[in-house]
Every structure is written in C-alpha cells, then in structure tokens.
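J.: Predicted model, plus sequence, below.
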Amino acid sequence: MFFSDIIVASIGFVLVIFFVAEDVKVLKKHSYYNNTIQEIVLYEVNLGDIELEAFKDLSVYLLQISENPLERLRNGVFVNVSTHEMLLFGNDIKTIEPGTFQDLRPLEKGGIRMLSLSFNKLGVIQNGIFTNTKFRQLFLVANDIKYIESGSFDGMVNLVELNLEDNLLESVEVGIFQNLATPASWVDLSLAGNVIEFVDVYAFENTTLHDLDLRDNQLGVHLLCHNYFKRTSASNETGSWEFSCQHGELECYGNKVHSCAVGLYPVSQSTNFIICSMNSSDASLDANNEACATSTNISWTVIQECLSSDQGDEFLAANGRRTDKLIPNVVNSIPTVVLNDVFSAELRRISIAYFQDTLVFILEQVQCGFCQFSGSNLVSGSGKFVVGVTLLLALYQKLFALI
C-alpha cells in the first residue's frame, strides 16, 4: 500500500516518512503500531474509516488526514499517541466520540501545538471530546456547529487559541466557555461569522480571555460601561468608591473612561467615542482614548478631570446600580435592549434583529405623536419588522408617555 523513505534526523533516531501510493479506504488496526515517524500525510486517499488502534503507540511530529470521505472518529483510534501537530481538516467528519483525543501526548513541553478540524461537518460538540486535552490551538472553523455542550472546553490548561468562526451558533450560554482559563497565558476566542443573537451575561465568567471576536453575528448594537463578563463590584463604605473587575484595574479604568464620556457628552458623541475606543488596540490606554476623543470632538482634558474626581466614580457606580436593577430578571443574556427603563421581551427580540430600523421607527413615531405610519418611515424595514412594530405600537405609546 505504501512506499517509504528512511532518513536520519539530527536528534539521532530514525524517522520514517510514508508517501501514499494508492487509495487507502480503510486504515487497518496497527497500521503504524509502535513506530517513530516524522510525518504521516493521508491527503485525498479516499479514506473512509480508521480502525481502532490504527495509530497505537505511535510517535509522530505531524499527523495529517485531509480531504477524505471520513465521517467519524472513534475513541480508541489514537491510543497512546505522541504528536506535535494534527491536521484533520477538510474531511466529512460528523461525529467524534468523547475520549477520542484523551490519550494524545505532546512531543514538546507546553502541549500539542495544534488540532485543526476545520471544514468538516460537525454539528454538535459533546462534553468529553476536548475536555482535559493538551492542545494549544484548536480550530473548528467552517463546520455546521449549532450546539456546544456545557463544559466542552473545561480543563484545556494549555489552550491559547480557540477558533469557532463561520459556524451556526445562535447563542452563547453559561457553561460553554465559563471556565476557559489557562494558568500561564491568555486565550483568544473567535466566534465571528456565526448567527449569534444572545450572549448570556455570565457566559465568560472565570475566563482568561485575551481577545474575544464576535464580529459578523446578529447582536445588533450595544455599549457596555459595566462589566458583563463578571459584574463589577463596588463599595463606598470607607467614604470613597472602590471597584473590583474580573480582569483587573485596567478594565475598571476603561469602564470609567466610557462612563465619563456617556455622563458628560451627548449620545451621538459618546457613542462614537466608545465605538472608537473599543475598536482600538486597548480601550484602557490613554493614548488610544485621547485620539478617539480628538476624532469625536470630545475634550480629553474634561475626561481626565472626570476620572480624577469623585464624578467618575459616581458615573461608574450609577451604571452598576442601573444594571443591577435589571439583573437577573431582565439581563440574562446580552445584548439586552431596555427602552426608557422599561423592558419588553418582544421589543428586545425585534431590536436585536432590526436594531436601527426599530429605533428610527420609534423616534419618528415620538416626533409625530404616534401618528399613523406610512411607507416612508418603514422603507428600510422588512416584513417581519413591520408586523412586529405594528403589534408593539400601543405599548410604545404608553412607554413614551413616561418621558
């Protein structure tokens, strides 16, 4: 089935590289039993199944199985395997049994460099597939993942990057990423390009996230001057406010900068300032915020005076109190839309899907005294949007009577 070349590596032991000469279809038990191999590449070899213990006791630097009609990975395929990198992308994998990767051991200190399962057909991530594994990077890009069981990534103490881009996730619930934490480093998590509408307010509690990418989802627009990864705790028992944030003092400082902007400037200016700040390399860095202040006609001197006075503390504490009034009965996921301090689940649902359309429509109705709307003020709305706001018009009239 195989041709092989034997080479001697600089570290002194014999390495064997296999080149596939024909279709494999089924990889038999003990195909690579007790071997030390530099690379195994099974690329476009029509591999449809791998028998248990096919790679038993194998030591291999790179193991690649790609572009095959392989649909499942069973627990027992990679028994006692030592490796540095696994590339399993571009197959038809729909099912991975829990425990499949549990016996993998790193060839080098710090964990197994990478596992790529991108461009397969995974729909569900079960608890036990990746739990307690030793991967540093885990790529699950462009599958069909709709659901991830709670605790699926717990115990991955070597993890520095988890990429779930371009899947079909609709929400981020508590327990999926809640304990995504490594003792010696930060974790980059990408959920970009899904269809996420809701993120639980405590979804990222106890994590050590360095970067969270939620671009190109369906979250609408939201500004956070209060910590939604773990609520900021505040106390003024000593006569001055003391704030504690999950990610430390810099996070509290950035929250206070944004709170000062919201408290001192009109909505249009403060919104643009916060968007600029959050899009910068570091929202707690003065140089970045000063540049954003200049670009949005906000006085950085005024913001600094707010930060160094009791006013900044009061702004941040007020945001916390306002949020706490809504938790947990209202704010059980983010983003949450609250209009005129009144919460409507239906309004939240419509706003997240059609935020700008909903806001423009409501403002137009307020300006004209809730007149009968015409096609002109619904020109940008979809059919579902029109139906939704029509049903809610009476509620909004009562709502804005409170203004």
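T.: In hand now; what should we look at? Residues are numbered from 1 along each chain as shown.

J.: In CSV, could you pull the C-alpha coordinates for stretch 151-161?
T.: Listed next in CSV are the C-alpha coordinates belonging to stretch 151-161 (Å, rounded to 0.1, in the frame of the first residue of the first chain):
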residue,chain,number,x,y,z
GLY,A,151,-18.1,22.1,29.9
SER,A,152,-16.8,21.0,26.5
PHE,A,153,-13.6,23.0,26.8
ASP,A,154,-13.0,22.6,30.6
GLY,A,155,-9.6,21.5,31.7
MET,A,156,-7.7,22.6,28.5
VAL,A,157,-4.9,24.1,30.5
ASN,A,158,-2.6,24.6,27.5
LEU,A,159,-5.1,26.3,25.3
VAL,A,160,-4.1,29.8,23.9
GLU,A,161,-6.5,29.9,20.9
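
J.: Looking at it now, give me its mean pLDDT.
T.: Mean pLDDT, taken over the full extent of stretch 151-161, equals 91.

J.: what does stretch 35-42 give?
T.: Stretch 35-42 carries an average pLDDT of 83.

J.: List the buried residues for that stretch?
T.: Using 16 or more other CB atoms under 10 Å as the burial criterion, the residues of stretch 35-42 that qualify are Asn35, Thr36, Ile37, Ile40, Leu42. For every residue, glycine as well, the C-beta is placed using N, CA and C.

J.: any chance of the residues you listed in TSV, plus secondary structure and distance to Arg113?
T.: Rendered in TSV, the data for the buried residues of stretch 35-42 read as follows (DSSP: H, G, I helix; E, B strand; the rest coil; distance: CB to CB, whole Å):
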residue	secondary structure	distance to Arg113
Asn35	coil	20
Thr36	strand	18
Ile37	strand	17
Ile40	strand	16
Leu42	strand	19
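
J.: Determine which two of the residues you listed are furthest apart.
T.: Farthest-apart pair in these is Thr36 and Leu42; separation 17.9 Å (CB to CB).

J.: Just the closest of the buried residues of stretch 35-42 to Lys256, please.
T.: Looking at the buried residues of stretch 35-42 and their distance to Lys256, the nearest is Ile40, at 54.1 Å (CB to CB).

J.: So, low pLDDT: which residues of the stretch 151-300 of the chain?
T.: Counting by pLDDT under 70, the stretch 151-300 of the chain contains low-confidence residues at 183-185, 201, 220-241, 245-247.

J.: same thing but 80
T.: Scanning the stretch 151-300 of the chain with the threshold set as pLDDT under 80 gives 178-186, 200-211, 219-248.

J.: Show me where it has its helices.
T.: Applying DSSP state H, counting those that start in this stretch to the stretch 151-300 of the chain gives helices spanning 249-264, 267-278, 286-295, 300-307.

J.: and the ones you listed, which is most packed in?
T.: Highest mean neighbour count of these: helix 249-264, a mean of 21 (counted as mean count of other CB atoms under 10 Å).

J.: C-alpha coordinates for that helix, CSV please?
T.: What follows is helix 249-264, C-alpha atoms only, in CSV (Å, rounded to 0.1, in the frame of the first residue of the first chain):
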residue,chain,number,x,y,z
GLU,A,249,-7.8,47.6,37.4
LEU,A,250,-7.3,48.4,33.7
GLU,A,251,-10.7,47.1,32.9
CYS,A,252,-12.3,49.2,35.6
TYR,A,253,-10.4,52.2,34.3
GLY,A,254,-11.6,51.7,30.8
ASN,A,255,-15.2,51.3,32.1
LYS,A,256,-14.8,54.6,34.0
VAL,A,257,-13.5,56.4,30.9
HIS,A,258,-16.6,55.3,28.9
SER,A,259,-18.9,56.2,31.8
CYS,A,260,-17.4,59.8,31.9
ALA,A,261,-18.0,60.2,28.2
VAL,A,262,-21.6,59.0,28.5
GLY,A,263,-22.2,61.2,31.5
LEU,A,264,-20.7,64.4,30.1
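
J.: what's that helix packed up against?
T.: Packing contacts for helix 249-264, counted by 3 or more CB pairs under 8 Å, 6 or more residues apart in numbering; DSSP states H and E, involve strand 242-244, helix 267-278, helix 300-307, helix 310-324.

J.: and if we set it to 10 Å?
T.: Packing contacts for helix 249-264, counted by 3 or more CB pairs under 10 Å, 6 or more residues apart in numbering; DSSP states H and E, involve strand 242-244, helix 267-278, helix 286-295, helix 300-307, helix 310-324.

J.: Pipe these into JSON lines and attach distance to Glu170 per row.
T.: What follows is the helices and strands packed on helix 249-264, written out as JSON lines (distance: least, CB to CB, whole Å):
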{"stretch": "strand 242-244", "distance to Glu170": "33"}
{"stretch": "helix 267-278", "distance to Glu170": "24"}
{"stretch": "helix 286-295", "distance to Glu170": "32"}
{"stretch": "helix 300-307", "distance to Glu170": "38"}
{"stretch": "helix 310-324", "distance to Glu170": "24"}
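
J.: looking at those, which is closest to Thr358?
T.: For the helices and strands packed on helix 249-264, proximity to Thr358 was assessed by CB to CB; helix 267-278 is nearest, at 16.3 Å.

J.: ok so, going back, among the helices of the stretch 151-300 of the chain, which is nearest Lys94?
T.: Relative to Lys94, the nearest member of these by CB to CB is helix 267-278, separated by 37.5 Å.

J.: Show me what that closest one is packed against.
T.: With 3+ CB pairs under 10 Å, 6+ apart as the test, helix 267-278 has helix 249-264, helix 286-295 packed against it.
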